[in-house]
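1. pasting the sequence and the predicted coordinates here, then a few questions.
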Amino acid sequence: MPQGNVQQLCESAWGKLKENISIIETFLNHYSLTLLVEGQGEEMELFYRGFLSDLRQLLVFSEECYEKLGIVLRRGTFDEESAEKVLYRVYHDCVNRFFYPKNESYSEDGRYAYTGQDAIRFRKKPTRPLRDVVMNITRAFEELRDELTYYESEYLTQLRIHRNKAQ
């Protein structure tokens, strides 16, 4: 992939992660498990507990990738190899973690992706703030997934080819 494209992808991913980090941090700073559950029962408590766990993990990985992208972008000379490694991490640690949460509080239903309706479906009916935080970060993760699909398979293939040539 041409260096200019890789640098643009890094800048785009950096900006999207920055925005999503802010949204997630604001939510986590304002809502606790106790506040979300308030009289909804044990089943909903387990749902919210899993959701908050997934959201905290997503925040940690997003912050880590955001920082690494910042380092790559601030270097005097742009290091394409380092940038591609970080973009690979963004795809696998952030995008995949968003679309495939460990606790499966929500999932993406592809049947709705092209209808103009929300493609995210929750396992249980969440409170409005919880629903809003997911919907507010969905678009950026969808865009990152579209921009970085190359790193799902092609990047690994290129690494294998490069390693085989080196041996």
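-> Sure thing, it's come through. Numbers count the residues shown, from 1 in each chain.
2. residue contacts, Ser12?
-> Glu143, Leu144, Glu147 (CB atoms under 8 Å, 6 or more residues apart in numbering). In this view, the C-beta of every residue, glycine as well, is placed from N, C-alpha and C.
3. pLDDT weak spots in the protein?
-> Within the chain, the ranges that satisfy pLDDT under 70 run 1-4, 110-117, 153-167.
4. longest helix of it?
-> helix 42-74 (DSSP state H).
5. wait, Ile120 sits on Asn136?
-> No - applying CB atoms under 8 Å as the test, Ile120 and Asn136 come out as separate, 11.0 Å apart.
6. comparing the two, which residue is more hemmed in?
-> More crowded of Ile120 and Asn136, by other CB atoms under 10 Å: Ile120, with 19 against 15.
7. ok, Ser105 - contacts?
-> Phe47, Gly50, Phe51, Asp54, Phe122, Arg123, Lys124, Pro126.
8. before we move on, back to that, can you give me how far the longest helix of the chain is from the chain middle?
-> Taking the mean of its C-alpha atoms, helix 42-74 sits 8 Å from the chain's own mean (CA atoms, centre = their mean, to the nearest Å).
9. gap between Ile24 and Lys68?
-> 18 Å (CB to CB, to the nearest Å).
10. with Asp146 instead?
-> Distance from Asp146 to Lys68, by CB to CB: 21 Å.
11. so for the two, which sits in the more crowded spot?
-> Higher neighbour count among Asp146 and Lys68: Lys68, with 19 against 9, using other CB under 10 Å.
12. residues contacting that one?
-> Here Lys68 is in contact with Val86, Arg89 (CB under 8 Å, 6+ apart).
13. try Phe98
-> So Phe98 contacts Leu58, Ile137, Thr138, Phe141 (CB under 8 Å, 6+ apart).
14. excluding chain neighbours, what is closest to the first one?
-> What it means is Leu58. Arg97 (5.2 Å; CB to CB, 6 or more residues apart in numbering).
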